[in-house]
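A.B. asks: after the sequence you'll find the predicted model.
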Amino acid sequence: MRAQRFTVRICVLSLALAALASAALSPELDRALKESKYVYVQSERKSGELGKPAEIWFFYDAGTVYVASPPTAWRVRRIKAGRRKARIAVGKPDGPSFAATGRTLHDAAIEERLLAAYARKYPDGWTRFEEKFRTGFKDGSRILIAYMPAT
């Protein structure tokens, strides 16, 4: 019984955080994220400055931008080193943007939703990369990153 109450509390907390994250974005940014094919991620360097914008495929859900990267990518290495600040530009490097906080995670349900979204969103390139993403999540050669608007 205690485990069930804990699970319910976690679910409620997750929904509240998702609603808060979504509310932190302007309607224009929310719409741009729903319509755009790419985001440009700038992650925090040791100096505190942001790196160059890197174009990347993404999955947007409930106010959070999800990307998948190799563990050797600078965005992953920086998050693991504790530098979680980022800037996410939508559509083009100088497009509408927001300050974000990144974190790595392993969540099979989100990974599956990301893969399904990529198949719909990137049909031309997906057949070439699908296996790399699927096996990557299983063997650790792909890391899921969640970027939420900074508060």
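C.D. replies: Received, thanks.

A.B. asks: quick one, phi psi at the residue nearest to the spatial centre of the chain?
C.D. replies: What sits nearest the mean C-alpha location of the chain, by CA atoms, centre = their mean, is residue 66, with 2.0 Å. Reported as degrees, to the nearest 10, the phi and psi values for residue 66 are phi -110, psi 140.

A.B. asks: and for the nearest residue to it once chain neighbours are set aside, the neighbour number?
C.D. replies: Nearest non-adjacent residue to residue 66, counting by CB to CB, 6 or more residues apart in numbering: residue 59, 4.4 Å away. Using the backbone N, CA and C atoms, a C-beta is placed for each residue, glycine as well. Other residues near residue 59 come to 21 when the count uses other CB atoms under 10 Å.

A.B. asks: cool, residue 26 as well?
C.D. replies: Residues lying near residue 26 (other CB under 10 Å) number 11.

A.B. asks: helix or strand right after the helix or strand of the chain with the lowest mean pLDDT?
C.D. replies: Sorting the helices and strands of the chain by mean pLDDT, DSSP states H and E puts helix 2-24 at the bottom, at a mean of 50. Next helix or strand after helix 2-24 toward the C-terminus (DSSP states H and E): helix 27-35.

A.B. asks: nice, that's everything, thank you.
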